[in-house]
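Visitor: I would like to see how this sequence folds:
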Amino acid sequence: MEKPQITVKKYSVWNKEIEVDFRGIFKAGVKRLFALPGDPKAAVNAGIELGKSIKLQDKVEHRAYILIYYSLREALLTLVVEAKDSIAKQFNENTDLEYEADKFQELVNQLDLRFEEKNFAIDYTFLKHPENLAIVEDIRPVFVRWMQKMGVSERASEAMGGRLKHYFVGKLFKNWRAQSAYFALIPERLKISVPEKRALGRMEYNNLLVSEWERPVFAEAVGLPALYVPLRAMFTISGERDEGLKTKRRVVDAESHLWDWLESSGKEQKLVVLKGGPGSGKSSLMKKLAARLAEEGRVPVYFIPLQRFNLDGKLQDEIGRFFENTSSLLEDPFDRDLSGDAQRPVFIFDGLDELPRMGARGQAAARDLVTALTTLVEQINTHPKWEMRVVITGRDLVIEEVGKL
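Guide: Below is the predicted model:
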């Protein structure tokens, strides 16, 4: 029996409206994108609201088209905004490039052309893996070539193209959440149950972790994957000494060692502390680890940048409150009834030296968090189906001082 599908179609009246809007975004927003200092995010939001583009009588094919096209164009524009410094630099240094917003019309035309030429359908896998949608891969090389025409390097353009699918998924989830009742007809026609809101929240959060790893840094168009240098780490081996009677140490590849630890079974040593100097790559490694865990999706991962975390109450409650206020997650990280299977959540606390209260209370704030985490891990892991794992990072001085307290 064939699985039901929806052929993604656009309708002439709506297409005329969206075409004007899309071109208007670029023509109205591009020059101020490069001409004005500060945060250019307003350019991404310069178009009509999605809610103004939908009608209750819209056919399901039309709804699918709105969801996909609207999300894809927002993802493309976000990438352009992120590369504004690189593009502006090329405009300033290369007199052969015309400083005209009409140049951006080429990308608009090619995106429209791909939708017109490509008769594609979505099936039951769409909501589970929207990143696999063929139209996203079809438009990626078009976008890469267009960025190169804008003067962006081949390496940077390819890196931006690689981020497209994750940005698309992020925009798709955002639009779906904003108009969930309107888009509910899509899974209904495909005869699939809409993933629970909690599951959609987890999918969106995992996609965000991957996007954060790939996001450009230092005003470059390329992201961390292109700049990251694998880290070496050294740890002491408890109870072992070398010939000089000093505690024996071992040098390892940091990521591989952490991954082996996460893959191991048993409930001993469930908290690891990674220390290093400023700029040594601790946060980059944590972002990579979180993205890798998120992409695999075998265990839930929770990433907490400690400069945004306050320990004002019970640690378990504060962690839940943090994700409730800052992420798409709707799950309770400590809900032991999430599944009948064993739970092996991974919590990453990045930047022990960056706690908001460090200035006021010094090392005591860091000590309080480490103490509370150690206690929480011991308590949680008494449950037969739980193996909570925690990674904490911080600068050498802070970690060493915490160890003395």
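Visitor: Show me the strands in the stretch 301-405 of the chain, by range?
Guide: For the stretch 301-405 of the chain, the strands defined by DSSP state E, counting those that start in this stretch occupy 301-305, 346-350, 389-395.
Visitor: Tell me which of those sits nearest to Lys171.
Guide: strand 301-305 (20.7 Å; CB to CB). Heads up, the C-betas are built off the backbone N, CA and C, glycines and all.
Visitor: so that closest one versus strand 346-350, what angle?
Guide: With axes from the mean of the first three to the mean of the last three CA atoms, to 10 degrees as the basis, strand 301-305 and strand 346-350 are set at 10 degrees to each other.
Visitor: Report whether the expected contact of Val229 with Gly281 is present.
Guide: Yes: judged on CB atoms under 8 Å, Val229 makes contact with Gly281 at a distance of 6.9 Å.
Visitor: Which one's more surrounded, the two?
Guide: Taking other CB atoms under 10 Å, Val229 and Gly281 do not tie; Gly281 has more neighbours (17 against 7).
Visitor: Now do the same contact list for that one.
Guide: Neighbouring residues of Gly281 by CB atoms under 8 Å, 6 or more residues apart in numbering: 228-229, 231.
Visitor: Repeat that for Ile319.
Guide: Residues in contact with Ile319 (CB under 8 Å, 6+ apart) are 302, 304, 333-334, 347.
Visitor: Give me the pLDDT value at it.
Guide: Per-residue confidence at Ile319 stands at 93 (pLDDT).
Visitor: Tell me how far it lies from Arg292.
Guide: Taking CB to CB, to the nearest Å as the measure, Ile319 falls 22 Å from Arg292.
Visitor: Which of the helices and strands in this protein ranks last by mean pLDDT?
Guide: Among the helices and strands of the chain, helix 12-35 carries the lowest confidence by mean pLDDT, DSSP states H and E, at a mean of 41.
Visitor: Nearest residue to Glu318 in space, please, no chain neighbours.
Guide: Nearest residue to Glu318 in three dimensions, chain neighbours excluded: Leu311, at 5.7 Å (CB to CB, 6 or more residues apart in numbering).
Visitor: my guess is Arg63 meets Leu185, correct?
Guide: Yes: the pair Arg63 and Leu185 qualifies as a contact (CB under 8 Å) at a distance of 5.9 Å.
Visitor: which of the two has more neighbours?
Guide: Arg63 (21 against 16).
Visitor: what sits against that one?
Guide: Per CB under 8 Å, 6+ apart, neighbours of Arg63: 54, 182-183, 185-186.
Visitor: Mind putting the residues you listed into a markdown table with secondary structure, distance to Glu82 and pLDDT?
Guide: Formatted as a markdown table, the contacts of Arg63 follow (DSSP: H, G, I helix; E, B strand; the rest coil; distance: CB to CB, whole Å; pLDDT from 0 to 100):
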| residue | secondary structure | distance to Glu82 | pLDDT |
| --- | --- | --- | --- |
| Ile54 | coil | 28 | 69 |
| Tyr182 | helix | 29 | 89 |
| Phe183 | helix | 27 | 90 |
| Leu185 | helix | 33 | 90 |
| Ile186 | helix | 29 | 90 |
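Visitor: Of these, which is the most crowded?
Guide: Neighbour tally across these (other CB under 10 Å): the maximum, 22 neighbours, falls on Phe183.
Visitor: Which secondary structure element is home to Lys55?
Guide: Following DSSP states H and E, there is no helix or strand that holds Lys55.
Visitor: Equivalent analysis for Pro187, please.
Guide: Counting by DSSP H and E, the element that carries Pro187 is helix 185-189.
Visitor: re earlier: figure out which of the strands of the stretch 301-405 of the chain is closest to Trp261.
Guide: Closest approach to Trp261 among the strands of the stretch 301-405 of the chain is made by strand 389-395 (7.8 Å; CB to CB).
Visitor: between that closest one and strand 346-350, how big is the angle?
Guide: On the basis of the same axes, to 10 degrees, strand 389-395 is oriented at 10 degrees to strand 346-350.
Visitor: For strand 389-395, enumerate the helices and strands it packs against.
Guide: helix 254-263, strand 271-276, helix 282-296, strand 346-350, helix 363-380 (3 or more CB pairs under 8 Å, 6 or more residues apart in numbering; DSSP states H and E).
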